[in-house]
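1. Curious how this folds, go ahead:
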Amino acid sequence: MKTLKKFILGIFTLLITLPAFAQWHSQILVTESGKAAMVYITKSKLKLNVFEIDVRVEWVNENLKKIDDYSSKLVLDKDDIEIKQANAYITCESFDLTNRIYFNKSKTFKFRVSENYDGGMPKVILPFEYAMGEDTETTKFLLKQPNLLKISYTIFKNQIIRLPKLTINYNSLTDKNFNNSIDANEQVKLNFSISNNGKGKAQNVKLKIKENNLMKGLNFAPQYDIGDINAGETKRIAIPVKASKTLKSSHARFTINVYENYGLKIPTITKEINTNAIAPPTLSWLTPTEDFTNSQIKSYPISLCANSKSEITNVWVYANDILQSNTRGFKYKNKNLCNYAIERNIILKEGNNTIKVIVENVGGRTVSKIKTINFSDIIVVDSNRYALVIGNGDYEKTSKLKNPVNDAIAMSIALRQVGFTVMEYTNVSRAEMIKAAREFGILLDKNKGTGLLYYAGHGLQVNSENYLIPTNADIQKEQDVELEAVSLKRFLGEMENADNNMNIVILDACRDNPYAQNFRSTGNNGLAQTKAPNGTYIAYATAPGSVAIDGNGENGLYTEELLKAIRTPGLKIEDVFKKVRNNVYKRSEKIQTPWDNSSIFIDFYFVK
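-> You can find the predicted model right below:
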């Protein structure tokens, strides 16, 4: 009779579980107490290759009616779970730590199938043991029946989902000037690639991008629909980013996320890119090239090269600080030299004219270097003129002089005005003075014409020989002069060797000897009279052996008067220095008398 009951229960269980028999098996357990436990799978579902199996256990009486009994349970040891067919590679994803199922309750078990699964129908077998009573530390005895119950679940091949595996990479930035930055008022492209290295197709892929530093002035779409990406396929995406004119110099921090249908976790990438505000234009002069230029043309053409990453919006041209033009007109030059050429004709006044140009773009304004153009109707007789101008005042080992540098700069301007090509030096060392003398001699020898040497600074005589003192001279005694200073003969020799038409030497160096207290000889103030080589005119700021006045203004007294005289038209060189002599003598209250000696054979005019 007992055996017959078991048989009837088994047939009944088979009938109620038959529709799902291909996937799982249900079993009935009859305990020693005569109670029956019916164990079956109530449902299963698949999500991203994770199979969730719900197992339910119910007590039933002999008539297979449900009864309540919470004192008993089924115990499952995780280590006892069996997985058939190893090629499926199934792992237990989730398992309740209580390891038990109370009767009349459901429990869910999760199993993951690897994406490397290559076929077959793996089977999961869960062996249960029946236990009565509380499973506590003190209750070690559990009524267990070996091999009571095994429930299995078969996973079919067509149930396995082939999952994609997406990765995103930043490739490059496409920008116009190839500086790998985002510049204001520029449109760039952020280039990415998305690769599918998984086994299945990625469907409805979307890319989302945001800028984390909240940069103002960057405009881009926040989302892009990429579509499907097959296994092994790579898609490239170019994201346009438009920068406004007001973009500031900093760095943008972009975060890129990728999503697809399965909701897989795809690594986020972050890319930082420098941003640059628009710089003001750069300006360089094309005409005139020199800082000081002479002109006999009243309407003088000027031209400048402007480089700008954005459109030049305004151009202002000033002559003598008076606005002459503020139009937006300019010529575009499609050359590597510059983006824009600014060309104007400036109306010059008599004498010196200071010219400056201001250009503007959205990044700001740039002011050009100031150029001086001397306009005069005076005709220069000889344009083949060359001058070496030296002004030393910042002495390292002796007293400093305030005027020589100013004198040299002013004299260079005046000489350029009357047609001289000028080599200008200030505060130079002994080596630099010797080098300048040599280069000046080469220039004269090559071009002939008229040569002129102007020197302002400390000078002294030793044994009737004149020396010009460089700024780094360290003269402790009279014998040091020859090694530390530069003899005037060196300059005269270079000029004489050139065998040019005529030479002029102007020496504003007749000041107190700063080393006199270290010299044994006396009476060596000022400079000694020097014999002028043939074709040479030598002018001194004061008489031989006398001391010149340094002056209270920007220039020394002698040079101040000389600057006026050489610009006076129609004066022969002798008359120029005679005029200087008279004015210096009067202004110094008869203390200083400029001196000169000459061996020239031709008439020379600074200006005709």
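2. And the helices in the stretch 201-350 of the chain, which stretches?
-> Read by DSSP state H, counting those that start in this stretch, the stretch 201-350 of the chain holds no helices at all.
3. Also the stretch 501-608 of the chain?
-> 557-565, 573-587.
4. Go ahead and measure how far the last one is from the middle of the chain.
-> Offset of helix 573-587 from its chain centre (C-alpha atoms, centre = their mean, to the nearest Å): 59 Å.
5. repeat for the first one
-> Mean-position distance between helix 557-565 and its chain equals 50 Å (C-alpha atoms, centre = their mean).
6. Repeat that for stretch 577-591.
-> With C-alpha atoms, centre = their mean, you get 60 Å for stretch 577-591.
7. Comparing the helices of the stretch 501-608 of the chain, which comes out most buried?
-> helix 557-565 (a mean of 23; mean count of other C-beta atoms under 10 Å). Every C-beta, even on glycine, is put in place using the N, C-alpha and C of the backbone.
8. Just list what it packs against, helices and strands only.
-> Using 3 or more C-beta pairs under 8 Å, 6 or more residues apart in numbering; DSSP states H and E, the elements in contact with helix 557-565 are helix 404-417, strand 502-508, helix 573-587.
9. What angle do strand 502-508 and the first one make with each other?
-> With axes from the mean of the first three to the mean of the last three C-alpha atoms, to 10 degrees applied, the angle from helix 404-417 to strand 502-508 works out at 150 degrees.
10. Show me what counts as buried in the helix or strand following helix 404-417.
-> Later in the chain than helix 404-417, the nearest helix or strand by DSSP states H and E is strand 420-426. Using 16 or more other C-beta atoms under 10 Å as the test for burial, strand 420-426 gives F420, V422, M423, E424, Y425, T426.
11. re the thing from before, E396 is nearest to which of the helices of the stretch 501-608 of the chain?
-> Of all these, it is helix 557-565 that lies closest to E396, at 23.3 Å by C-beta to C-beta.
12. what sits up against that closest one?
-> Here helix 557-565 makes contact (C-beta atoms under 8 Å, 6 or more residues apart in numbering) with 403, 407, 410-411, 414, 456, 506, 508, 541-542, 548-551, 553, 555, 571, 576-577, 579-580, 583-584, 587-588, 592, 594.
13. for stretch 579-598, same thing?
-> Counting by C-beta under 8 Å, 6+ apart, 529-532, 536-544, 546, 548-549, 557-558, 561-562, 564-565, 568, 571, 574, 577 sit against stretch 579-598.
14. Go again with 7 Å.
-> With C-beta atoms under 7 Å, 6 or more residues apart in numbering as the test, stretch 579-598 has contacts from 529, 532, 537-544, 548-549, 557-558, 561-562, 565, 571, 577.
15. ok, back up a step: dump the helices and strands packed on helix 557-565 to a markdown table, plus mean pLDDT and distance to M215.
-> Supplementary listing: the helices and strands packed on helix 557-565 in a markdown table, determined by pLDDT from 0 to 100; distance: least, C-beta to C-beta, whole Å:
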| stretch | mean pLDDT | distance to M215 |
| --- | --- | --- |
| helix 404-417 | 90 | 49 |
| strand 502-508 | 94 | 61 |
| helix 573-587 | 94 | 67 |
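16. Would you mind giving those as JSON lines with distance to Q296 added?
-> Output for these, formatted as JSON lines (distance: least, C-beta to C-beta, whole Å):
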{"stretch": "helix 404-417", "distance to Q296": "12"}
{"stretch": "strand 502-508", "distance to Q296": "23"}
{"stretch": "helix 573-587", "distance to Q296": "21"}
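17. quick one: which of these is nearest A437?
-> strand 502-508 (12.1 Å).
18. What lies in contact with stretch 415-431?
-> Residues contacting stretch 415-431 (C-beta under 7 Å, 6+ apart): 292, 294, 374, 380, 383, 385-394, 405, 408, 412, 432, 436, 440, 452, 470-473, 484, 486, 566-567, 606-607.
19. Now which of those residues would you call buried?
-> Buried among the contacts of stretch 415-431 (16+ other C-beta under 10 Å): 292, 294, 374, 380, 385-393, 405, 408, 412, 432, 436, 440, 452, 470-473, 484, 486, 566-567, 606-607.
20. got a list of contacts for the helix or strand hosting K189?
-> Using DSSP H and E, K189 falls within strand 187-196. With C-beta under 7 Å, 6+ apart as the contact definition, strand 187-196 has outside contacts at 164-175, 182, 202, 205, 226, 229-242, 254, 256, 258.
21. which of the residues you listed are buried?
-> For these, a burial check counting by 16+ other C-beta under 10 Å picks out 164, 166, 168, 173, 175, 182, 202, 205, 226, 229, 235, 237, 239, 241, 254, 256, 258.
22. Run the chain-centre distance for the longest helix seen in the chain.
-> Secondary structure of the chain per DSSP state H: the longest helix is helix 430-447. In terms of C-alpha atoms, centre = their mean, the gap separating the centre of helix 430-447 from the centre of its chain is 42 Å.
23. Buried ones in it, by neighbour count?
-> Per 16+ other C-beta under 10 Å, helix 430-447 contains these buried residues: R430, E432, M433, I434, A436, A437, F440, G441, L443, L444.
24. Adding distance to V315 and pLDDT, write these out as a markdown table.
-> Formatted as a markdown table, the buried residues of helix 430-447 follow (distance: C-beta to C-beta, whole Å; pLDDT from 0 to 100):
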| residue | distance to V315 | pLDDT |
| --- | --- | --- |
| R430 | 47 | 95 |
| E432 | 40 | 95 |
| M433 | 43 | 95 |
| I434 | 46 | 95 |
| A436 | 39 | 95 |
| A437 | 44 | 95 |
| F440 | 40 | 95 |
| G441 | 45 | 94 |
| L443 | 38 | 93 |
| L444 | 42 | 92 |
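25. Please identify the next secondary structure element, helix or strand, after the longest helix of the chain.
-> By DSSP H and E, the next helix or strand past helix 430-447 is strand 450-456.
26. Partner strands of that next one, with direction?
-> strand 385-391 (parallel), strand 502-508 (parallel) (DSSP bridges).
27. Contacts made by that strand with the rest, please.
-> 382, 384-391, 404, 407-408, 411, 415, 420, 444, 468, 491, 495, 498, 500-509, 556, 559.
28. Relative to the whole chain's centre, how far out is it?
-> With C-alpha atoms, centre = their mean as the basis, strand 450-456 stands 47 Å off its chain's centre.
29. same check, this time on stretch 341-353
-> For stretch 341-353 - counting by C-alpha atoms, centre = their mean - the centre lies 37 Å from the chain centre.
30. Same question for stretch 479-497.
-> Its chain's C-alpha centre and that of stretch 479-497 lie 50 Å apart, by C-alpha atoms, centre = their mean.
31. So which residues make contact with that stretch?
-> By C-beta under 7 Å, 6+ apart, stretch 479-497 touches 430, 433-434, 437-438, 440-441, 444-445, 451, 453, 462, 465-470, 473-475, 503, 530, 533.
32. Buried residues of that stretch, list them for me.
-> Applying a neighbour-count criterion of 16+ other C-beta under 10 Å, one finds V481, E484, A485, V486, S487, L488, F491, L492, E494, M495, E496 buried in stretch 479-497.
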